[in-house]
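Asker: okay, structure incoming, though there's no sequence with it:
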């Protein structure tokens, strides 16, 4: 049925695949396209493109043609570097595969790949060993005949055709209560978002290449000096190795031993997340966090710079259960240590515009649950202060400046309650008794009863039908054998709809010819000419807020806009870390990393 509807609505359906050479992980480059093969499902015609034919699509009306690929991000990046106008109609078999089986099958490398998927459908396909051999020939054998590469590519196309048809049947059987138009609409939305994510990757992030080179070349020496200096005071490393015993002594000396989370074996947890959390309140732990950022880095993290001087990484759209991007912490500037963001710098006579949704998670919770009290408080200047004053934890007239600790406390509490965190872990996080944590949680639930009734209804329905999904069809299945954490289900509706909002914004910006450089959880960064910055700011804000209206049933999640005309600047704490590192690199005579010379970029 779905296939028939697709054939009725599109003049042609091209199943296609490309072969290319690219090393985005280590070299940060864009694809070097070798060939492309297309097969029309309606016409049954096959087109093999290489050489001078590469930079064109087969004869078709692009606006009335559907392009089917396995992981659209790869094929779309090839079209982008070939300067082919990006089609709008995409069906990503990989994404639809995850919608069908994420949570139902074991994950791991290759679990959602084309060959494993073909096996699940009983389709005979090339062996994984033969596929690996072909890929090695393409990557490393310059004399490998192009005809052989085209035939290998055609084999993938023919396999993909069979998988695509079986997938459509699978979707019909699995979601027999949904009409084909709804399924197609959701698939086209997610497919297009993958295509435009490829454009973002190809754009890359403009950086200060002079500054990057200076830091990169001096990083090993700076790292050693930072480690030696800070460890002389903290004493958590012995002979270059982290000492759990010494770390425990440090935590105890700072009065944090009772609150610090422990592993099953009783050891103190040393994950980045746990250390960062305590670093926000304790100077010694903050120093340790700064130290670990360097100790755990074999090289300068977060920047893989391509031949064009742009930093790139695989954005891995739909990489997380919630559908959010899942970039590498060692290769993506916005997942690496925050001080390193100073390396980001727009081109000369250009600017970066950063658009961030204001309290996106709260907006989603408020408007999708239709909780009147939550909506009302979200619209106020500071929802966390409003909650604190309403429950009597702060006096009327309190502000973020007058009561920062109480505000932060209720920010933690609100999100913890939204995501189903237990009283015991919340008590440990806030350093309060379990009774106090229970009381605070109950205050929040009494304040927003409509929201909690809504989220519990979603979780209960998910347990009955076996999956949880967004209104746009992204879903996660509840395994019958694996234990599902309640927090995963409470977290999904908010985070997953946040990811859908970002995809709508990405599509809107890209289709207005705005150069999107980065996707950052609940924000987007674009690159625009400096002489048009005022108009660009308004355009970015409007497009992002319009995207929020699509997700929030006509309501808006406001967007904060920040323009960057020179090197990226941090909030005070992170900026001080960067200045401190640059002081070590540029003024090696300083005997202590506590000495900070102001960072002055000669290029500014």
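Answerer: Right, received. Where do you want to start? Model, not experiment: these values are computed from the prediction.
Asker: what does the domain assignment say about this structure?
Answerer: Listed domain ranges for the chain are 2-203, 208-302+570-604, 308-370+448-569, 372-389+396-441 (source: automatic domain parsing).
Asker: residue 560 looks like it's in a strand, true?
Answerer: Yes: counting by DSSP: H, G, I helix; E, B strand; the rest coil, residue 560 is found in a strand.
Asker: ok, it - contacts?
Answerer: 355, 356, 358 (C-beta atoms under 8 Å, 6 or more residues apart in numbering). Placement of C-beta: from N, CA and C, glycine included.
Asker: want to throw the domains of the chain into a markdown table with mean pLDDT?
Answerer: As requested, the domains of the chain are exported to a markdown table (pLDDT from 0 to 100):
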| stretch | mean pLDDT |
| --- | --- |
| domain 2-203 | 95 |
| domain 208-302+570-604 | 79 |
| domain 308-370+448-569 | 93 |
| domain 372-389+396-441 | 87 |
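Asker: helices or strands up against the helix or strand containing residue 132?
Answerer: Element membership of residue 132 [criterion: DSSP states H and E] is helix 128-140. Applying 3 or more C-beta pairs under 8 Å, 6 or more residues apart in numbering; DSSP states H and E, we find helix 128-140 packed against strand 12-21, helix 146-174.
Asker: ok, now with 10 Å
Answerer: Where contact means 3 or more C-beta pairs under 10 Å, 6 or more residues apart in numbering; DSSP states H and E, helix 128-140 is packed against strand 12-21, strand 32-40, helix 114-120, helix 146-174.
Asker: and it, how far from the chain's centre?
Answerer: Distance, stretch centre to chain centre, for helix 128-140: 30 Å (C-alpha atoms, centre = their mean, to the nearest Å).
Asker: which parts of it are buried?
Answerer: Across helix 128-140, burial judged by 16 or more other C-beta atoms under 10 Å covers 131, 134, 137, 138.
Asker: same question for stretch 59-77.
Answerer: Across stretch 59-77, burial judged by 16+ other C-beta under 10 Å covers 60, 65-77.
Asker: and the end-to-end length of it?
Answerer: Using C-alpha to C-alpha, to the nearest Å, the end-to-end distance of stretch 59-77 comes to 20 Å.
Asker: and what of stretch 546-561?
Answerer: 15 Å.
Asker: can you pull the buried residues of that stretch?
Answerer: For stretch 546-561, by 16+ other C-beta under 10 Å, it's 547, 548, 550, 551, 552, 555, 556, 557, 558, 559.
Asker: so what's residue 278 up against?
Answerer: Residue 278 makes contacts with 251, 254, 256, 259, 260, 261, 284, 285, 286, 288, 289, 429, as judged by C-beta atoms under 10 Å, 6 or more residues apart in numbering.
Asker: now it: how far from residue 265?
Answerer: To residue 265, residue 278 is 20 Å away according to C-beta to C-beta, to the nearest Å.
Asker: likewise residue 229?
Answerer: Distance from residue 229 to residue 265, by C-beta to C-beta: 32 Å.
Asker: in TSV: the contacts of residue 560, plus neighbour count.
Answerer: Shown next, in TSV, are those (neighbours: other C-beta atoms under 10 Å):
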residue	neighbour count
355	22
356	18
358	14
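Asker: now these as JSON lines including secondary structure and distance to residue 499?
Answerer: As requested, the contacts of residue 560 are exported to JSON lines (DSSP: H, G, I helix; E, B strand; the rest coil; distance: C-beta to C-beta, whole Å):
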{"residue": "355", "secondary structure": "strand", "distance to residue 499": "16"}
{"residue": "356", "secondary structure": "strand", "distance to residue 499": "15"}
{"residue": "358", "secondary structure": "coil", "distance to residue 499": "17"}
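Asker: tell me the one among those nearest to residue 327.
Answerer: Ranked by distance to residue 327 (C-beta to C-beta), the contacts of residue 560 are led by residue 356 at 17.0 Å.
Asker: number of residues surrounding residue 566?
Answerer: 13 (other C-beta atoms under 10 Å).
Asker: verify the stated contact: residue 334 with residue 343.
Answerer: No: in this structure, residue 334 is not within contact of residue 343 by C-beta atoms under 10 Å, at 11.6 Å.
Asker: out of those two, which sits in the more crowded spot?
Answerer: For residue 334 and residue 343, the more surrounded residue by other C-beta under 10 Å is residue 343, and the numbers stand at 26 against 20.
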